[in-house]
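Have a look; sequence and predicted model below, questions after that.
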Amino acid sequence: MDTQKPIVTMTKQVVPEGKKSFRISKEGRFIFLCLLPAILFVSVFTYYPLVRGIIMSFQNYTLFDLMNIQFIGLDNFVIVLTSPDFPRVAMNSFYWVFFSLVFQLLFGFMLALLMRKKFRGRGIYQAFIFFPWAMSGFLIGLIWRWMFNAQFGVINDLLLKTGLIEAPISFLADGAWAMAAVIIANIWYGVAFFAIMILAALQSIPEELYEAAAMDGAGRIQQFWRVTLPYIMPTMLVTILLRVIWILNFPDIIYAMTNGAPAGSTHIFATYMIDKVIFGQDYGQASAVGVIIVLILMLFTIFYVKATKVEKGGDF
């Protein structure tokens, strides 16, 4: 006698589209808990000051009248932009970024090419090259301040002994020399970063590319232009962008060497903003300068990324 087993059919309950519930898996909750400290840290120390600074730029926020803080629209921006000091600060900022960047890139590239070759004591040589980048920018400024000192500075001493000058030069007290002096100090400080980044890119180039280029008859110069430079171009483009952002926001050396003197002739946007806070006690105008810096860097970054195609590795 044949017995038929009952057939049990499982029906899956279909949840309507509008009633789907969002659930986080255990792995998702664990990842979120791991990221939570970092999110809170960045929010408190980055995003909150940014938003607070933007709000303050539209307020008459001064320490002399904390009980009468009001929104004043664009008045702080008008005062800053129409100030007689602003054109000089803007030009100084351009000189500060442009000349620092060009010579840091040039010297850093040369040092990276030299350090790529194997020679005795290369590790010690690299340590001396990279050492300035590990130091505080303010400390670098103090060192160079003493080096440029008119009475005790080693630079004046060398120039006098070599007969290039007849009397000591007050580099940091002379408006014609002060800006050049702080730029020289910043160049010395930033060369190491370019050397580190470019050296890392050079060491990642496969030797097979050079061998193949040599078999095709390419000389050293052709190998540089057709193998080395295209291969390290993405690293160089990103490094240049980072340095532009960092240099424009880097007041340490100037503040340690001249504090914006003489007569404000070495002020850049960053030191000008600090000056508004310390001496003017005007957080509203200082915040307005900060917002201007952010806008300049945003516009530059957008233009730079579009012009260099850095998001595609610099593939023009």
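Received the coordinates, thanks. Numbering: from 1, shown residues only.

which residues sit in contact with residue 243?
Contacts for residue 243 (C-beta atoms under 8 Å, 6 or more residues apart in numbering) come out as 100, 101, 104, 105, 190, 193, 194. Glycine gets a C-beta too; all of them are placed from N, C-alpha and C.

Look up how far residue 142 lies from residue 259.
For residue 259, the distance to residue 142 equals 12 Å [C-beta to C-beta, to the nearest Å].

more crowded one of the two?
Per other C-beta atoms under 10 Å, whichever of residue 259 and residue 142 has more neighbours is residue 259, with 18 against 14.

Which residue ranges of the stretch 151-300 of the chain form helices?
Along the stretch 151-300 of the chain, counting by DSSP state H, counting those that start in this stretch, helices occupy 154-161, 175-203, 207-215, 220-223, 229-248, 252-257, 269-278, 283-308.

my bad, the stretch 1-150 of the chain
Remark: helices assigned in the stretch 1-150 of the chain by DSSP H, counting those that start in this stretch are 26-42, 48-56, 75-81, 86-116, 122-130, 137-147.

quick one on the thing from earlier: just the helices of the stretch 151-300 of the chain: most buried one?
Comparing these by mean neighbour count (mean count of other C-beta atoms under 10 Å), helix 252-257 ranks first with a mean of 24.

hmm, who's touching that one?
Helix 252-257 has contacts (C-beta under 8 Å, 6+ apart) with 96, 136-142, 144-145, 148, 172, 181-182, 185-186, 189, 260, 266-268, 270-271, 274.

would you turn the contacts of residue 243 into JSON lines with pLDDT?
Formatted as JSON lines, the contacts of residue 243 follow (pLDDT from 0 to 100):
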{"residue": "100", "pLDDT": "96"}
{"residue": "101", "pLDDT": "96"}
{"residue": "104", "pLDDT": "96"}
{"residue": "105", "pLDDT": "96"}
{"residue": "190", "pLDDT": "94"}
{"residue": "193", "pLDDT": "93"}
{"residue": "194", "pLDDT": "94"}
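
got CSV for those, with distance to residue 215 too?
Output for the contacts of residue 243, formatted as CSV (distance: C-beta to C-beta, whole Å):
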residue, distance to residue 215
100, 41
101, 37
104, 36
105, 32
190, 39
193, 36
194, 32
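
and the gap between the residue nearest to the spatial centre of the chain and residue 126?
The C-alpha lying nearest the average C-alpha coordinate of the chain belongs to residue 246 (C-alpha atoms, centre = their mean; 2.0 Å). Residue 246 sits at a distance of 22 Å from residue 126 (criterion: C-beta to C-beta).
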